[in-house]
Each structure stands twice: as structure tokens, then as C-alpha cells.
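1. I would like the atomic coordinates for the input below:
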Amino acid sequence: MGLNTSSLPQESQQKIIIVGAGIVGVMQAWYLAKMSNMQIILLDKANAGLGATSASFAWLNVSYGRPDAYQQLRAKAIHCWRELDKKTLGKLNIDWSGAISWMSSDKETAQFIQSHNQAGFNVQALNKEQLLHKVPQLSQPPELAAFASDEGAVDPLHVIKVLLQQAQAMGVKYYANTEVTHLLEDGDRIIGVETMQAKMHADHVILTAGVGTLALLSEKGIDLPLYSSPSILLKLMTDAERPFLPCIISTPEMELRHFAQNEIIAAEDYIDNSDEHHPERIACHAQATFYDNFTQTGKLTIKQVAVGERPMPKDEMPIIGEISPYQGLYLVTMHAAVTLSPLLCELVAQELIYEKAEPLLTPYRVSRFS
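-> Sure thing, here's the model as predicted:
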């Protein structure tokens, strides 16, 4: 954003501690550093991005079957990714190849296309011939598919690396392997954090640690309406001579995309840890599904099966803002963290710098659960 920091309010000189260096925490540190001259400390119990972010499919999309306002929020967030890419001089390596989807029936797919177009989103209907032109390797193409050309995907760990380097260059102090064990309070104000190594004081503490936030708030008698929603991320290698996935493919059976040279990633639902539903078995089933649905895949070898503990608010919408009864304690947590983080972290930065509520964030306050 390139603001003139000399014109910022005096509050911008304050110290901020951000707890959790996933995509949200790093994004928040970057925006605060870019937009202010606050002192910013970013803490993580391990290393940046190794929590839920590392198991994210990282599809930048507008969602489906959600309230209109939330879909519009996600559309704004995708635009913010394009702006962020410009601000970081194209270093984020965003893949804007779009996404092809279809539902369980052509009727449902048609409804999907119609609802998105009515909401103002750019979704094109593809008949079977058009679909095969885009993805000739499909062996069981439906009669109708949807192509969202404005959607994209990122490598979230690469994004974190770029933003963290830039944030540190702007003065952010980052401490890995620094687990926050307690929130420090003085009356009704949170004044810092306690780690295994030391006590650290700040004017504001921002919690961006996903489900790791629960224990810190529980100790203060705050029952946050947030739970863990596990998901499985698969990484497979292919020895095919050329990529067989030109874009994201999302169907009732599979969700996968080309990730890197000879690498495919896929998202699968986590059911439980029983023998029948063990992530390794789910991975093998997914591998068989890919062979059934594509030709010219080459040999697909499962390289990694990761389970991510994603934060899921009770109503599945983000939770953002101050946490009463305390002052100086701010929460930023959401399920669709990769998609939403640029927009929401920029709005949060504006709120903290100018001490003025952002109307776009009003529906996402924790007070809605009262």
C-alpha cells in the first residue's frame, strides 16, 4: 500500500505480538509492516507454515452454497491476491489457470453455473467437446462442466517464505520455536504473552494460531466457538512427459491440481483413523480414482499423506476482532485462510492502525455467537 508512515496516527508506534506464523499470521505481519511503523513481533511454536497451512490445497475460489455476502467477500479476496502479487513484484508465483468443476448430475452443474453467473462471477459452461479440448486426458467426461477462469491456486509455503522475508526486511522480528504458553493480563487488558523462554509485552496481541488459540483462550475462561476440522492433502509424483492437469479439477470424486514439476496435489476428506478410513488407505483409493478418470497420467507415486488440523468456526464463517472482556486481545481465524487472508489481514491492519471499525468485518465478530 506504500503509505507515508509519518502521517500515521501515534498509535501506529505501538508494539504488536502476533501468535502463529501460518498464512494468516505471516500475512498479518506483512500488512502491518507495509502499512505502519508499528513494532511487530511474530511468534510460532515451530516454524512458519508448518501447521494447517502446510496441508492446504490452496485453491483461491469463491465457494458455493454460501451466503451471498460471503461469496462476495471471497471474490474481493481473490482480487486482493492479484493486488498482493503486484505489490510483491510477481514473486508469489500464483497460478491463474482457473478451475473446472462438475457436480453429481448435469442439472446440479447447470444450477452451479447459473447461481455463480447471477452473483456476477465469471463461470463458463463447457459441453463435453469443449471440456475435452481443455482436458483431453479425461476418460469419463460429463456432458456439462463449469470453468471458473478467474480462480487460481498458490503454493502457500512459498507465499509464506516470500512475505516473511519481506516483512523481516521491513522490521518484523520473527521467532520460530517459541511457543506461547500464557497470555499476560493486567486487569481487563492483555499486555503480552509468556513463552517457554521469556515474557514479552505488547500493546496488542493478535491470535492467528488456528486451533492453537483454543487453549490460550480457555485458560482465560473464554470458550471460543471453534473446532478442528481435519483434512487430507496428498502429494503424488508422475513420470508423465507432460502435465495432464491444465487447471484445478474438482468433482464429487476428486479434487486435484498440478503443483510443481511432475507433482500433483489432491485434497481428500478426513473421516477417522480407523483401518477402513486411514489416511494412507484414502490416499490409495484416490490414486486409483485418478487412474480411472485420466489417461496419460504416467505412473503415479504417492509421496506424502498429510493431515491438516484446520480451524472451523461453529458457523463456518471467519471470526475476527477483539475478544471481550479483554482489551488488547484480537483474534483472526478462518477456515478458508489461504483464500481470505490478503483481504481480511489488510482490513485488520487498517482497524488496528486507525482504531476505526471496518464495516466489511462486522458480520464476522465473535459477538454474533452471544
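
2. all helices for the protein, in order.
-> Here the chain has its helices, by DSSP state H, at 23-35, 68-87, 106-118, 128-134, 156-169, 213-218, 279-293, 337-354.

3. highest mean neighbour count out of the ones you listed?
-> helix 23-35 (a mean of 28; mean count of other C-beta atoms under 10 Å). Yep, even glycine has a C-beta here, placed from its N, CA and C like the rest.

4. so how far is that helix off the chain centroid?
-> Chain-centre distance of helix 23-35: 14 Å, with C-alpha atoms, centre = their mean, to the nearest Å.

5. and the residue at the greatest distance from the centre of the chain, what are its phi and psi?
-> What lies farthest from the middle of the chain is Gly187; by C-alpha atoms, centre = their mean that is 34.3 Å. Listed backbone geometry of Gly187 is phi 70, psi -120, with angles given as degrees, to the nearest 10.

6. rewinding a little: for the helices of the chain, which one sits closest to Leu329?
-> helix 213-218 (8.6 Å; C-beta to C-beta).

7. re the thing from before, got the helices of the chain as a markdown table, with mean pLDDT columns?
-> A markdown table is the format used below for those (pLDDT from 0 to 100):
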| stretch | mean pLDDT |
| --- | --- |
| helix 23-35 | 99 |
| helix 68-87 | 95 |
| helix 106-118 | 95 |
| helix 128-134 | 98 |
| helix 156-169 | 99 |
| helix 213-218 | 98 |
| helix 279-293 | 97 |
| helix 337-354 | 98 |
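
8. OK, contacts around Val348?
-> Gln28, Tyr31, Ile206, Ile320, Tyr330, Val332, Glu358, Leu361 (C-beta atoms under 8 Å, 6 or more residues apart in numbering).

9. just to revisit the earlier point, who's in contact with the residue farthest from the centre of the chain?
-> Counting by C-beta under 8 Å, 6+ apart, Gly187 makes contact with nothing.

10. could you pull out the strands for the stretch 151-300 of the chain?
-> Remark: strands assigned in the stretch 151-300 of the chain by DSSP state E, counting those that start in this stretch are 152-153, 173-175, 180-186, 189-195, 199-201, 204-207, 226-238, 248-250, 255-260, 263-269, 300-313.

11. just these: most buried one?
-> Most buried of the strands of the stretch 151-300 of the chain by mean neighbour count (mean count of other C-beta under 10 Å) is strand 204-207; its value is a mean of 26.

12. partner strands of it, with direction?
-> Sheet partners assigned to strand 204-207 using DSSP bridges are listed as strand 15-19 (parallel), strand 329-333 (parallel).

13. which residues pair with Thr195 across the strands?
-> Assessed by DSSP bridges, Thr195 has beta-bridge partners Val180.

14. how much space between it and Thr295?
-> From Thr195 across to Thr295, the span is 53 Å (C-beta to C-beta, to the nearest Å).
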